[in-house]
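In: everything below, folded, please.
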Amino acid sequence: MSLNKNKKLTFFLLIFSVAILGQQKKEIDSTKVEALEPVVITATRTIRQLSSLPMPVTLISKKQIKQTGSTRLRDILLEQTGINFVTDQSGFTGVQLQGLSAEYTMIMIDGVPLVGRSAGNLDLNRISVNNIKQIEIVKGPSSSLYGSEALGGVINIITEKPKYDTLKGDMSFFARGGERNELDMNGNLMYKKDKLSIISGFNYNSGSAFDLSPETQGNTTEAYQNYTASLQLTYEFSDRLRLLTSQRYFSEIQNVVNKQVDWNLNTELNHILNDQWSFDYTFYATRFKTESQFNNATSLFNQTLFRPEIRTTANFSNSTLNAGIGINFDALDRTFFSKKETFNAKYVFLQYDFHPLKNMNTVVGARFDAHNKYKSAFSPKISSTYTINSWLTARGSVGFGFKAPDFRQLFFNFINNSGGYIVLGTRTLHELYGNEPNVAVLDKDLNPETSIGYNFGFQVKPTSDLKININFFRNDIKDLINTIALQKPVNTPVGTPVLPGLGAGTSVFYYENRDEVFTQGVELDINYKIADNLRFIGGYQYLEAKDKEQLDLINSGTVFFRRAPSSPSELLTKQDYFGLPNRSRHTANAKLFYSNRKYQFNANVRALYRSKYALFDTNNSQNIIDKYDDFVAGNVQVNIALDKTFLDTMNVQIGIDNLFDERGLENESTFPNNDAVLLLGRTVYSRIRFNF
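Out: Residues are numbered from 1 along each chain as shown. Model (predicted):
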């Protein structure tokens, strides 16, 4: 490790040391009044105190979002325990939760999902963090409430809503310079009078092109500019009847030729029938459309989703019952499909929240999804929490999750003549070549990917100022959908193409349920109030992510590797096996927040650590990553921010991201021409915000 890295690692550990020393000197004050416990709604679809939930949930407050200077959702998520952002082989970047890929995490705004995934990844830079009340992250299978895509967890963005009569707003101007230039302007207005409330917002964000490896052709990211506008109207007919409708519109242009539009409409009618029963009637519609240049031709992607849903909640003396029924009408029209394709999925869910014992809370739920293009899915889940004493609580959950095959995996029809290959969705392959002997033996349908996830941990609260959460997790996933190379029929003469009408050298790839993998590890979160004006927040995750079939292959004694190209072959052992690509064994974060109420001044420093990870097999061991492969080096990044409020109306903030200018340059020789292994260098930003 270089001297510069040692300095950064020392700096990272120093933050932990400050918190530990502060804990040793601080005495317990039993008379101190605790702050109000924050509440969340995503985990159970009901309002619950965060500390009482029987499953692992992370909450990011509005205050923390503002203090870190983040402008986009990706920036703030990157600093949370157990979350990484990785770039896959398709070149798209997505969120990784408990070692599971982006396609297994549902992203929602106010409880409704976003669409428009590229190779399973959602571009979270299209979501501004302005007007966000809090972000809720539920870890572990959540398909029992939210269905497909929630196999690994849920990230729900909760926006601001006025509770009392008010008229207020804010405007902000943000500028960033350095390795990347960024401009962000934002305005929000909130009004409530009697029965009517109106919330509106506008955001403009633009960035210049930047290139992490100038010696290679093309930029890492092209210049862009985008706009986001939102409007929410709420009318309370009475204390028991409320109508809410909200719209969000996002538009981006990148490098003139690439365009995307994201539009959402959500309408809810909330009816409290009596003191026991309430009903919610919702209709959600969304559209995501892109136009991009590919091989000098315009590529189109146009996805729509319509979802009506009815939910009911019944409150009993010692329990709560939730139930719902709905249907998803999903459609996608894109360049590489022969025609517009549609999915229809009906679903019903039920959840019962009760207290079997005085100190025990249990939540039991299940959801059934019936799809018109694949087999039905049943997703049960049980979670429980038990208060052992005043400072120790145990919690555990077991849940089944599923992810439906997406449009691409069923209907793709992509031809790359210059590359000498084509990619066909499973349905398309059988429609075009179903009578061919090497196709007829394959399954005509894909099954949903399924999982079972376990989470078990403790919340330790020895004082009112110190809270420690530890969570052990394991996710077993089977029927993973992989891209497979189609083989020629047996005894085919040399020079015969894989399929009729193709060139002899053209490769054909299709999708098939094949792999079984698991992720497991432990997460540790610490929240410690060192003093009235100083708080430490830190976290650590240890992760193992492995392929069960690769483990079987290693155990069979048939996998060999070379330590160097000229070295002799050696038998690969289980101890040598590292695991799945793009997964770091160790990740951590350490953050110190300082607040001076008297002078209305805040400062914070945040350190993020990610250990080494591999991209692919580099020593010819049958695509299995072992500890002798080439790895992307680990890194530590440090961010700082300071802000000051003047006259209670104007706030000025300055900050530096990647303070020590960590770029990952040591990876250039190992992985040439690969921007994914490089890091954005130091940037400096400032923001001015006016409240009125």
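In: now the strands for the stretch 201-350 of the chain?
Out: Applying DSSP state E, counting those that start in this stretch to the stretch 201-350 of the chain gives strands spanning 224-238, 241-254, 258-272, 277-294, 297-315, 319-334, 341-357.
In: closest to residue 618 out of those strands?
Out: strand 277-294 (29.0 Å; Cβ to Cβ). No exception for glycine: its C-beta is placed from N, CA and C like everyone else's.
In: show me what the closest one is packed up against.
Out: strand 112-113, strand 258-272, strand 297-315 (3 or more Cβ pairs under 8 Å, 6 or more residues apart in numbering; DSSP states H and E).
In: now those in a markdown table, with mean neighbour count and mean pLDDT?
Out: As requested, the helices and strands packed on strand 277-294 are exported to a markdown table (neighbours: other Cβ atoms under 10 Å; pLDDT from 0 to 100):
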| stretch | mean neighbour count | mean pLDDT |
| --- | --- | --- |
| strand 112-113 | 21 | 90 |
| strand 258-272 | 17 | 95 |
| strand 297-315 | 16 | 94 |
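In: for residue 123, find the nearest of those.
Out: Evaluated with Cβ to Cβ, those place strand 258-272 nearest to residue 123, the distance being 8.1 Å.
In: who are the packing partners of that closest one?
Out: strand 241-254, strand 277-294.
In: adjacent strands (with direction) for it?
Out: strand 241-254 (antiparallel), strand 277-294 (antiparallel) (DSSP bridges).
In: give me the angle between the shortest one and strand 224-238.
Out: Meaning strand 241-254. 180 degrees (axes from the mean of the first three to the mean of the last three Cα atoms, to 10 degrees).
In: likewise the last one?
Out: In terms of direction (the same axes, to 10 degrees), strand 277-294 departs from strand 224-238 by 170 degrees.
In: thinking again about what came up before, could you dump the strands of the stretch 201-350 of the chain into CSV and include distance to residue 484?
Out: CSV is the format used below for those (distance: least, Cβ to Cβ, whole Å):
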stretch, distance to residue 484
strand 224-238, 35
strand 241-254, 33
strand 258-272, 30
strand 277-294, 23
strand 297-315, 24
strand 319-334, 22
strand 341-357, 21
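In: of these, which is nearest residue 53?
Out: Going by Cβ to Cβ, the one of the strands of the stretch 201-350 of the chain nearest residue 53 is strand 341-357, 10.5 Å.
In: go through that closest one and flag the buried ones.
Out: Buried residues in strand 341-357, defined by neighbour count with 16 or more other Cβ atoms under 10 Å: 341, 343, 345, 347, 349, 350, 351, 352, 353.
In: sorry, back to before: looking at the helices and strands packed on strand 258-272, which one has the lowest mean pLDDT?
Out: Note on the helices and strands packed on strand 258-272: lowest mean pLDDT is at strand 277-294, with a mean of 93.
In: what angle separates that strand from strand 297-315?
Out: Using the same axes, to 10 degrees: strand 277-294 against strand 297-315 is 170 degrees.
In: buried ones in stretch 184-202?
Out: Per 16+ other Cβ under 10 Å, stretch 184-202 contains these buried residues: 184, 186-190, 192, 197-202.
In: ok now it, how far from the chain's centre?
Out: Distance, stretch centre to chain centre, for stretch 184-202: 28 Å (Cα atoms, centre = their mean, to the nearest Å).
In: cool, and stretch 149-168?
Out: 16 Å.
In: over to stretch 547-556?
Out: 29 Å.
In: contacting residues for the residue nearest in space to the middle of the chain?
Out: For the chain, residue 95 is the residue whose C-alpha lies nearest the centre (Cα atoms, centre = their mean; 3.9 Å). By Cβ atoms under 8 Å, 6 or more residues apart in numbering, the contact set of residue 95 is 74, 77, 83, 84, 85, 102, 105, 107, 122, 124, 155.
In: now with 6 Å?
Out: 85, 102, 105 (Cβ atoms under 6 Å, 6 or more residues apart in numbering).
In: just the buried residues from the residues you listed, in PyMOL please.
Out: Applied in PyMOL, the following selects the buried portion of those according to 16+ other Cβ under 10 Å:
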select buried, resi 102+105
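In: helices - which of the contacts of residue 95 land there?
Out: Among those, no member falls in helices (criterion: DSSP state H).
In: can you redo the strands paired with strand 258-272 as TSV with mean neighbour count?
Out: Shown next, in TSV, are those (neighbours: other Cβ atoms under 10 Å):
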stretch	mean neighbour count
strand 241-254	17
strand 277-294	17
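In: among the ones you listed, which comes closest to residue 44?
Out: Comparing the strands paired with strand 258-272 by Cβ to Cβ, strand 277-294 comes nearest, at 14.4 Å.
In: and the residue lying closest to residue 578 once chain neighbours are set aside, how far from residue 533?
Out: Once flanking residues are discounted, residue 578 sits nearest to residue 625: 4.8 Å by Cβ to Cβ, 6 or more residues apart in numbering. Using Cβ to Cβ, to the nearest Å, we find residue 625 at a distance of 46 Å from residue 533.
In: and if you look at residue 692?
Out: For residue 692 relative to residue 533 (Cβ to Cβ), the value is 27 Å.
In: pick out whichever of these two has more residues nearby.
Out: For residue 692 versus residue 533, the count of surrounding residues by other Cβ atoms under 10 Å is larger for residue 533: 14 against 9.
In: please name the nearest non-neighbouring residue to that one.
Out: In space, residue 533 is closest to residue 595, 5.1 Å off (Cβ to Cβ, 6+ apart).
In: spit out the contact partners of residue 93.
Out: Contacts of residue 93 (Cβ under 6 Å, 6+ apart): 85, 87.
In: run a quick neighbour tally on residue 40.
Out: 22.
In: picking that back up, so the residue nearest to the centre of the chain bridges to which residues?
Out: Under the criterion used (DSSP bridges), residue 95 bridges to residue 85.
In: check residue 608 too.
Out: residue 589, residue 637.
In: pretty sure it is touching residue 590, no?
Out: No - the pair residue 608 / residue 590 is not scored as a contact, 8.3 Å apart, by Cβ atoms under 6 Å.
In: those two: which is more packed in?
Out: Neighbour tally, residue 608 and residue 590, criterion other Cβ under 10 Å: the higher count belongs to residue 590, 25 against 20.
In: what's the spacing between that one and residue 540?
Out: 9 Å.
In: what about the nearest residue to residue 194 once chain neighbours are set aside, distance to residue 585?
Out: Leaving aside its sequence neighbours, residue 194 sits nearest to residue 165 (Cβ to Cβ, 6+ apart; 7.1 Å). Distance from residue 165 to residue 585, counting by Cβ to Cβ: 53 Å.
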